[in-house]
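Asks: Next input, structure requested:
(3 chains)
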Amino acid sequence: MNLLLQTLLDGLVLGGVFSLAAAGFSLIFGVMNVVNLTHGIIVLIGAYLAWSAQHFLGLDPLLAIPGIMILLFFAGYAYQRTLIQSAVDRSSLLASLLVTFGVALVLRNLLVLVYGPDFKSITPSYAFTNIKLGALSIDMVRLSALGASLALIALLAFVLYRTDWGRVIRATAQQDFAAGLCGVNVRHVYGLTFGVASAFAGAAGAVIGIVLPFAPPDEGHWTMKAFAVVVLGGVGSPAGALLGGLLLGLINTFTAQFIGPAFPNAMMFLVLVLMLMIRPNGLLGSAFGGSR
Amino acid sequence: MSAASPILTLRGVSKRFRGLTAVSEVDLDLPAGSICSLIGPNGAGKSTLFNLVTGYVQPSAGTIEFAGARIDGMATDRISRMGVARAFQISKPFPGLSVFDNLRVGALFGADGPRDADAVVHAALTLTGLEAQARAMASSLTVGFLRRLELARAIATRPRLLLADEPCAGLNPSETAEIVDILRRMRSRGLTILLVEHDMRAVMEISDRIFVLEAGRKIAEGPPTEIARNARVIAAYLGTDEES
Amino acid sequence: MKRPLAIVLIGAAILLLGVLPFFALPYHVRVGQLFLLSAVLALGWHILGGFAGYWSFGHTAFVGLGAFAAGLLNFHFKLPPMLGFVAGTLLGGLVSAGFAALVAYPVLRLRGIYFAIALLGMSQVLGELAQNVDAFQGALGLTLPDVAPDALRPEVFFYYCFLALAVGSFALAAWIRSSKLGYGLAAIREDEDTARMLGVPTERYKIITLVLSAGLTGLAGAVYAYSLGYFTAGSVFRVDFSLNMILHSLLGGIGTLTGPVIGAALLVFVTNVLLGQLLDLHLLVTGVLVIALVLLAPNGLLGVARRWRERKGR
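Replies: Residues are numbered from 1 along each chain as shown, chains lettered A, B, ... in the order given. Sure thing, here's the model as predicted:
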């Protein structure tokens, strides 16, 4: 029983991180109908930035998050307004897919050149403290990771549903042509969306950095996990990302514990494929209406 | 099958969409080798009727027979291979293929299979006056030519029945006259044509028989001269004194 | 390009490739091998991706299936080398095609990005199963006997094997393209619903194409395994196989016949000959190439050539 509960708890913690990591990807997919294959590398850039902050400035990774988010917001905005918009204008369904993939390759190579190919990890000051909840235990690192994840997802939801800019983004997502007619600068909105998504992806990277070791080749996995979260939970909403992420986290830990430590990825893909066949829009469906 | 027996027969055909009855108990006999028009105010159920015949939707009630065989319940591609073609109002050409290749797809997969596909394509090009555009990309054509491509591709499938969805919509008078000409040429080759059309002049000019729908029901049928004088039809289009 | 001229050029190219091993260094023969393998894989992918418009992101699954079919056959049955080679290769093709037939119906109902990701997911699952399930020996690896005849160096022998496969794939692609199936696939690519309405048997055609594509890739996978001599799950279930198939087709020109081959030639040349010593920059250059391709030459090199010819003709 305890093993079950412990696995459940670990799954939820991991799932929280997955949710945060996928939220930005989901937003871009929902608002712009772009599958952003650069997502994983942006997450990793966040992790590397957090590592650098700790290594060179002695800054706690979670405290580095605001700085990382601001940096990546502007970078993401610029990236979208230049390369991605050009690709989308080509009107080929898969053009943006390929451009984002190309950029991911370039950035991955650059990361290897700058930081080296080996795994890095971030060890915050409270790293080896454990908290006991009855018979279960959870370490401070995971707890703060979970806390940060939930807080950041809540922040994203707040931005989307309670601020003016969030409303504009959602309106543009539902009807970009009509939004344009109402005076919305649609391209600017797309840039903002991408900027916001990149900021949160980077924040997720910082959180991941304290939980798991990371290296440039991981970027593909993080993009795939984001896709799995979206397929499971639904496109475009933080709630969908949360639901999908938590489910994925649970699948991950339960598979590792009860089937074998080598099988979580295989199980994730199996669930992904099955979900695509049964309900490709995810459990909560597309937040912006219509089936994409 | 004698010359008098209809090529398309609808008996008691109804279609309900979750509370909305789009088509209600329609009986229809379409004489072979004729051009007939299906008219009625917007929302009368004309497009739904087309969708029922081509198998895009299934009837909630009633039977549809084509050339003596039951086709209600069949899949679209099967019905198409039996000889029922449809030309859409909003043209859907294959944009990356040339006009010739567009028609070739129709010819290869139409009724009777791919024998003499190239000859069929040439015939369709001649019939619709598209010989000069044969090698052009479909994406480069203007609306008038696209409409002809739509008809040509439908003809290339060697149908026995053509359902044409507002072929004259959005065309100027001379373009409309060209389309009417093409339809007449198709009839003289033995093709049966059922039109949905709002251009009344074209309808009166070309139809052997007119079927009038209103709110899903057939309210009148007959030759153009009778329909023009039919009080119920006039009321359906213009409203009666009580309403105006 | 006029038909007779094209045939002469292609014939000349095949002839040139045929005599290459007699003049070239072993290193160049190996690069040639890589080019021919890439060409076969790209052509196989392209039948489904370029002709029908269904982009698979997981075709490496079929490479792996082919390799493991051959490897496990040899592992369980000690056959004379050449017989084992032929039987293993055929089995590789059959197993891949069979697996494709099995998943075809559900998977081909998906479109666009969902289809792409579903196949990616499938290839990842297969790769992981091959690695982690003991019966497949994927972690320990499988060894295949040396099947090259004594008269030929191994790299030359496999060069000719891949050349034969490449010529065969090219011939298959050419035949499909001008056949009724090919026109049906083009219609599916352009507008699947309209194609259906015109009478194209879309489900059947898509399944046939996926099975052919998978079978061809499986054959290549088996021969590839033999050319390695020893392989693990990681050596044959490789993401870059899937990626390169797409890139080569894109680079040369999606929807064309020779595009995948030209793309494969260029990219293999760039990464192996030009950048041979600069391994550190492979990803960067590939990435920049992809971006430039999409933004500047979306129809690939053949598209650029066509536009250039059209402009000259004015």
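Asks: Check what contacts stretch C:193-200 and list those residues.
Replies: B:54, B:56, B:76-77, B:80-81, B:86, B:92, B:94, B:105-106, B:109-111, B:153, B:157, C:184, C:187-188, C:202 (C-beta atoms under 8 Å, 6 or more residues apart in numbering or on different chains). Yep, even glycine has a C-beta here, placed from its N, CA and C like the rest.
Asks: Strands - which of those land there?
Replies: Among those, DSSP state E puts B:Arg86 in strands.
Asks: Buried only: go through the contacts of stretch C:193-200 for me.
Replies: B:54, B:56, B:76-77, B:80-81, B:86, B:92, B:94, B:105-106, B:109-110, B:153, B:157, C:184, C:187-188, C:202 (16 or more other C-beta atoms under 10 Å in any protein chain shown).
Asks: list the contacts for C:Val167?
Replies: C:Ile14 are the contacts of C:Val167 under C-beta under 8 Å, 6+ apart.
Asks: Wasn't it part of a strand?
Replies: No. C:Val167 is assigned helix when assessed by DSSP: H, G, I helix; E, B strand; the rest coil, not a strand.
Asks: For chain B, just list every one of the strands.
Replies: Counting by DSSP E, the strands of chain B are B:6-17, B:20-31, B:35-39, B:61-66, B:69-70, B:84-87, B:161-165, B:192-196, B:209-214, B:217-222.
Asks: Check the stretch 1-150 of chain A too.
Replies: Counting by DSSP state E, counting those that start in this stretch, the stretch 1-150 of chain A has strands at residues A:130-133, A:136-139.
Asks: Need the ones you listed in a markdown table (columns: mean pLDDT and mean neighbour count).
Replies: Converted to a markdown table, these look like this (pLDDT from 0 to 100; neighbours: other C-beta atoms under 10 Å in any protein chain shown):
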| stretch | mean pLDDT | mean neighbour count |
| --- | --- | --- |
| strand A:130-133 | 77 | 10 |
| strand A:136-139 | 76 | 14 |
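Asks: Quick one: closest of those strands to chain C.
Replies: strand A:136-139 (27.8 Å; C-beta to the nearest C-beta).
Asks: For that closest one, which outside residues touch it?
Replies: Contacts for strand A:136-139 (C-beta under 8 Å, 6+ apart): A:2, A:5-6, A:9, A:13, A:127-131.
Asks: quick one: strands adjacent to that strand?
Replies: Partner strands and pairing direction for strand A:136-139 (DSSP bridges) are strand A:130-133 (antiparallel).
Asks: quick one: low-confidence ranges for the chain?
Replies: No chain was given, so I picked chain A. A:91-93, A:288-292 (pLDDT under 70).
Asks: The chain in question should be chain C.
Replies: Using pLDDT under 70, chain C drops low at C:1-2, C:274-278, C:313-314.
Asks: okay, which residue is most central for it?
Replies: Nearest residue to the geometric centre of chain C (C-alpha atoms, centre = their mean): C:Leu41, 0.8 Å.
Asks: How about chain B?
Replies: B:Leu163 (1.8 Å).
Asks: On the strand side of things, show who that one bridges to.
Replies: Assigned bridge partners for B:Leu163, using DSSP bridges, are B:Arg86, B:Leu194.
Asks: Would you agree it is in contact with B:Phe50?
Replies: Yes. The criterion here is C-beta atoms under 8 Å, and B:Leu163 meets it with B:Phe50 at 5.2 Å.
Asks: what's the closest non-adjacent residue to A:Leu113?
Replies: C:Asp280 (6.6 Å; C-beta to C-beta, 6 or more residues apart in numbering or on different chains).
Asks: So that neighbour, which state does it fall into?
Replies: helix.
Asks: just the one 3 residues further on next, same as before
Replies: Secondary structure, three-state DSSP: C:Leu283 is helix.
Asks: how about it, what does it touch?
Replies: A:105-106, A:108-109, A:112.
Asks: quick one: which of the residues you listed is nearest B:Pro31?
Replies: A:Leu105 (65.4 Å; C-beta to C-beta).
Asks: Just give the closest residue to the closest one, not the sequence neighbours.
Replies: In space, A:Leu105 is closest to C:Gly287, 3.1 Å off (C-beta to C-beta, 6+ apart).
Asks: ditto for A:Gly240
Replies: Going by C-beta to C-beta, 6+ apart, A:Gly240 has A:Gly234 as its nearest residue, at 3.2 Å.
Asks: Please tell me how far that neighbour sits from chain B.
Replies: 25 Å (C-beta to the nearest C-beta, to the nearest Å).
Asks: Which one of the residues in the stretch 101-250 of chain A is closest to chain B?
Replies: For the stretch 101-250 of chain A, C-beta to the nearest C-beta, closest residue to chain B: A:Phe177, 17.8 Å.
Asks: So what's the residue count around that residue?
Replies: If you count neighbours by other C-beta atoms under 10 Å in any protein chain shown, A:Phe177 ends up with 9.
Asks: Which strands and helices lie in contact with whichever strand or helix holds it?
Replies: Using DSSP states H and E, A:Phe177 maps to helix A:176-181. Applying 3 or more C-beta pairs under 8 Å, 6 or more residues apart in numbering or on different chains; DSSP states H and E, one finds that helix A:176-181 makes contact with helix A:164-174, helix A:186-211.
Asks: Identify the residues contacting that helix?
Replies: Here helix A:176-181 makes contact (C-beta under 8 Å, 6+ apart) with A:168, A:171-172, A:186, A:189.
Asks: are any of those residues buried, and which?
Replies: Using 16+ other C-beta under 10 Å, the buried ones in these are A:168, A:171-172, A:189.
Asks: Widest-spaced pair of these?
Replies: Maximum distance among those (C-beta to C-beta): 8.7 Å, for A:Ala171 and A:Val189.
Asks: now the angle from the lengthiest helix in chain B to strand B:192-196?
Replies: Identified as the longest helix of chain B according to DSSP state H is helix B:173-188. For helix B:173-188 against strand B:192-196, the angle by axes from the mean of the first three to the mean of the last three C-alpha atoms, to 10 degrees is 150 degrees.
Asks: Pull out the buried residues from the longest helix out of those in chain A.
Replies: In chain A, with assignment by DSSP H, the single longest helix is helix A:2-32. Using 16+ other C-beta under 10 Å as the burial criterion, the residues of helix A:2-32 that qualify are A:6-7, A:9-32.
Asks: sorry, back to before: mind checking how far the residue of the stretch 101-250 of chain A closest to chain B is from A:Val186?
Replies: 8 Å (C-beta to C-beta, to the nearest Å).
Asks: Ok, B:Arg11 next?
Replies: B:Arg11 is 52 Å from A:Val186, by C-beta to C-beta.
Asks: Also C:Ala264?
Replies: In terms of C-beta to C-beta, C:Ala264 sits 39 Å off from A:Val186.
Asks: Same question for B:Gly170.
Replies: In terms of C-beta to C-beta, B:Gly170 sits 29 Å off from A:Val186.
Asks: correct me, but A:Gly245 touches A:Ser19?
Replies: Yes. Applying C-beta under 8 Å, one finds A:Gly245 in contact with A:Ser19, separated by 2.7 Å.
Asks: ok, back up a step: and the longest helix of chain B, how far from the chain's centre?
Replies: 14 Å (C-alpha atoms, centre = their mean, to the nearest Å).
Asks: Show me which residues of the stretch 101-250 of chain A are close to chain C?
Replies: Applying C-beta under 8 Å from any C-beta of the partner chain, we find that the stretch 101-250 of chain A lies next to chain C at A:101-110, A:112-113, A:220, A:224, A:227, A:231.
Asks: Show me which residues of chain C sit near chain A.
Replies: For chain C, the contact set with chain A under C-beta under 8 Å from any C-beta comprises C:55, C:106-107, C:109-110, C:112-114, C:116-118, C:120-122, C:124-125, C:128-129, C:131-132, C:239, C:250, C:280-284, C:286-291, C:293-295, C:298.
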